[in-house]
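Peer 1: From the sequence below, what's the structure:
(2 chains)
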Amino acid sequence: MKTMLTEAVRGKDADYLEIRLEESHVTRILFRGPTLDNVGQSVVYGGNIRALVDGGWGFVSFNRLEDLEAKVDLAIRQARLIGRARGEQSKLAPAPVVQDVVKLKPGADPREVPLEKKMSVLDEYNRAILSFGGPIKSSAVSYQDRYSKLHFANSEGTYIEQEKGDIGGNLSAVAVQGAQTQVSTIGFGGSKGFNVALGLEDKVLAAARTAADLIKAEPIKGGEYTVVTDPILTGIFAHEAFGHLSEGDNVYEDKNLQKVMTLGTKFGENILNIYDTGFDEGARGYLKYDDEGVPTEKTYLIKEGVLVGRLHSRETAGKMGERPTGNARAIDYRFPPICRMRNTCIERGEASFEDMLKGVKLGVYAVKAYGGQTNGEMFTFTAGEAYMIRDGRLAELVRDVTLTGNVFTTLKHIDLVGSDFETHESGGGCGKGAQSPLPTSEWAPHMRIQKVVIGGRG
Amino acid sequence: MSAGLEELLGKARKAADAAEVYWRRVSSTPVGFENNKLKEIQTNATFGVALRVIKGGRIGFSTTNKEGDWDTLVDNAVAASAYGAPASFEFAPASTPTGVDVYDADVVALPVEDMVDTGRTIVEAVNAADPQVLTGVEVSRAVREAGVMTTPGFSGTYRRTEYHVFVFAHLVEGQNMLDVYDGDGLTGLKLDTKGLTERVIHDLRLGRTNVPIKSGRFTAILTPNAVADLLGPFQAGLDGKAVERGISPWRDKLGQPLFSPSFSLHDDTTLPGLASSAAFDDEGVPTRRTALVDRGQLVSFYLDRRTAKALGHKPTGNGWRHGLETPPAPSLGHWVVAPGRDSLASMIKGVRDGVLVDHLMGAWAGNLLAGEVNGNVMLGFKIENGELTGRVKDCMFSVNAFEALSRQIIGFSKETKHSHIGTLPWLALDGVTISAKS
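Peer 2: As a prediction, the model looks like this:
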């Protein structure tokens, strides 16, 4: 394989060429209520070639390995057509030439666990939810694991064979009463084997309890609040509110955004530190090499409130005169790599949970998240559950809590960062363009934000 | 269809009691402009097969992109069937489906250079209107072939061409960002790229001025994009699976007048020229027009084979697959909301103090089964005394879709537009909650 791939990209008439092959084995299990909705196994097999000529990219994806040379030629022809229109010099930031074979550690390959075992573990969670009683009328239990073997070769002499393991799942309890439906979900995931799916019984019961309680909760009254976020929501905040804005492909050709995102700009208080890392073994965002063959790293985005870095591919780094950070990722062989996050974290601070509640006359403690979205300047996310804070104490549970804000002003309004730090993994993934879901992680502590707008009809 | 797939069905028949083979072959060529410049051309040729088997009364499912590796595919499906869901339904019976018109040879013959020209024309027009804006365009053409074969004897294939144009304009001024985007897709080339470009330019011009908004209740006109968000709860609640699980708020409400008589919704994947149309769904059920809500009355859910059987109804041809690797499930095809009588212009004229809401952010993440639609107003405009006066931002839009479509409707527009879920009119609602910074 190595010879075939390295030969395919060597000595061609292009500024840069790469070839990527993938064979993945995927298992999916889905229960909805008492019904097993799906148990399925997939073989994902294909590859792509990417060519760069005079600043233009050609990309060819395929399922058949035959006629590689013709595919390489097509990618180059497409790139040249664009290169002629752009008439500029190709610019890729230099990356080390790597020859490496990365194997999964023992126990990390999800294929080692028999399907029967996976089924019985998930079946038990599903039964625990359905037998909870009261208003819990249904469930959704989803699980996916993926073993991938990737081959990468480029025209600079890099050749990498990489094995990856990924597991993600969501366990949801659904409460129904009259026309009211409420859901509470716990997510899990990791890159180090099936163990992350074990021992979740207590969390499952807690989710069922929350869903049952939410049925009785009143919707929140919309308005501006002091908000304390739990580590899961803090992580989503880091990802949605700042991670996406830090992706180099948003910035590299946008002179106006470059002004806003000038390194050295003060964005928050000194207590605020945000980084994105590929180093955390076991995290879904763990990554040794990105999909351009660049070794990953721990990249600080904000240090003591100041912008210090961003998430780059070789092209965005090259065009901005910065260093590639190993953030070029593709969900599979059908797509070219683009700037994406890995494990995006807010660093541990010094405040205790009590410190955060202290002095808050009317606020919201927002816990877990359904999901979030951003357009760069504004973000929104929906809390999985939320409690009012009244006179410095946690008060009643409320429902339908969607937080929104302007990224820049909200960063300035973070006034406390917790001394706790949770290595939480979610079961879903990140979406950008057509590429979704990509395994990412968000680890974080509790956090307090002033003046957050919460929508609501109450 | 290649002989290879017949061979696969033969192998599956031997290894199991019944089998269904679904396959697709897609070749697509997207041409991409980024930040005003031609950026990338792709050629993607993908092939995949999904196999469902019934063995010992249980369903097994597997997929592959490895053409010819049928033994692994069959083994994986049979292995999954040992733990699979009880087979409560049958695969498609013997029949010869008749097609709708979804193939246009002009799309296949379209030179890449023409696609580049189309993209460049759009970029130049937007740039001429506002040189500060960075514009992205994707022009793509695709040919999709798909087929279903079952052991009971169904055998059908279709070919569909698809032509898409998507425009994305981005403006950064200090820490103020403005995103305007629009797109459309058809099975042929008669796509109104000029109209598309003009709409983008119009919204960019209007969006340049920010106007303040205070929290309160407003008259809101929702564009077809925002109407699509408002229908999120209907997508969740009319889904046969939600009904089967007993979590749909309408599980026992069929035939009841739940909404305003001015609201009618149907699903239609038989419309010629649309990239969502096909002869049959992804499990061999002929497509059709299905009324879901008729003049306010709930008349049907949307169903695949399995949920239809479980609920004692007929399948509605909504058994679509989300990607190759998941089995068919009830999914919306192409939704059509009945238009009203008023023109959009007269609807806007009639609003004294209100908002026009186009794009909502994060509205999908709310509690849809409870009807809650909460979204940050990513693109919206203030209406004052019948005029659009500028952009409103940093605020949340909140409605309950069920209440909105029963008690808050002022009217639907006579004009309609394609959104990502179907053909929809503009909708004026009364008493919509906007939450803003105090």
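
Peer 1: which parts of stretch A:142-151 are buried?
Peer 2: Within stretch A:142-151, the residues that qualify as buried are A:142-148, A:150-151, counting by 16 or more other Cβ atoms under 10 Å in any protein chain shown. Where C-beta positions appear, they are placed from N, C-alpha and C, glycine not excepted.

Peer 1: Quick check: which element contains the closest residue to residue B:342 other than its chain neighbours?
Peer 2: Spatial nearest neighbour of residue B:342, chain neighbours left out: residue B:411 (5.3 Å); criterion: Cβ to Cβ, 6 or more residues apart in numbering or on different chains. With elements taken from DSSP states H and E, the one containing residue B:411 is strand B:409-418.

Peer 1: Could you check which residue of chain B lies nearest chain A?
Peer 2: Relative to chain A, the nearest point of chain B is residue B:396 (3.0 Å; Cβ to the nearest Cβ).

Peer 1: residue in chain A nearest to chain B?
Peer 2: Closest point on chain A to chain B, by Cβ to the nearest Cβ, is residue A:455, at 3.0 Å.

Peer 1: For that residue, grab phi and psi.
Peer 2: phi -80, psi 160 (degrees, to the nearest 10).

Peer 1: who does it bridge with?
Peer 2: For residue A:455, the beta-bridge assignment (DSSP bridges) gives partners residue A:402.

Peer 1: Against residue B:372, how distant is it?
Peer 2: Counting by Cβ to Cβ, to the nearest Å, the gap from residue A:455 to residue B:372 is 9 Å.

Peer 1: got any residues that touch both of those two?
Peer 2: Here residue A:455 and residue B:372 have residue B:398 as joint contacts, going by Cβ atoms under 8 Å, 6 or more residues apart in numbering or on different chains.

Peer 1: So for the two, which sits in the more crowded spot?
Peer 2: residue A:455 (32 against 24; other Cβ atoms under 10 Å in any protein chain shown).

Peer 1: which residues does that one contact?
Peer 2: Taking Cβ under 8 Å, 6+ apart as the test, what residue A:455 contacts is A:222, A:402, A:404, B:374-376, B:396-398, B:433, B:435.

Peer 1: for those, which one is nearest residue A:57?
Peer 2: residue B:376 (32.8 Å; Cβ to Cβ).

Peer 1: related to what we said a few turns ago, quick one: the residue of chain A closest to chain B from residue B:104, how far?
Peer 2: For residue A:455, the distance to residue B:104 equals 44 Å [Cβ to Cβ].

Peer 1: do residue A:411 as well
Peer 2: Distance of residue A:411 to residue B:104, computed by Cβ to Cβ: 50 Å.

Peer 1: Let me see the domain layout of chain B.
Peer 2: Annotated domains of chain B cover B:3-204, B:209-438 [automatic domain parsing].

Peer 1: before we move on, what about chain A?
Peer 2: Following automatic domain parsing, one gets these domains for chain A: A:2-216, A:219-455.

Peer 1: quick one: which of the ones you listed is nearest residue B:35?
Peer 2: Residue B:35 lies closest to domain A:219-455 among the domains of chain A, at 3.9 Å (Cβ to Cβ).

Peer 1: wait, isn't residue A:27 in contact with residue A:38?
Peer 2: No. The pair formed by residue A:27 and residue A:38 falls short of the contact definition of Cβ atoms under 8 Å, at 10.6 Å.

Peer 1: Skipping its backbone neighbours, what lies nearest residue A:326 in space?
Peer 2: Ranked by Cβ to Cβ, 6+ apart and with sequence neighbours excluded, the top spatial neighbour of residue A:326 is residue A:296, at 3.4 Å.

Peer 1: doesn't residue A:276 make contact with the one you found?
Peer 2: No. Checked against Cβ under 8 Å, the pair residue A:296 and residue A:276 is beyond contact range at 9.4 Å.

Peer 1: Find the residues that touch each one of the two.
Peer 2: A:325, A:327, A:342.

Peer 1: And for residue A:224, nearest residue in space, chain neighbours not counted?
Peer 2: In this structure, residue A:224 finds its nearest non-sequential neighbour in residue B:438, 4.9 Å apart by Cβ to Cβ, 6+ apart.
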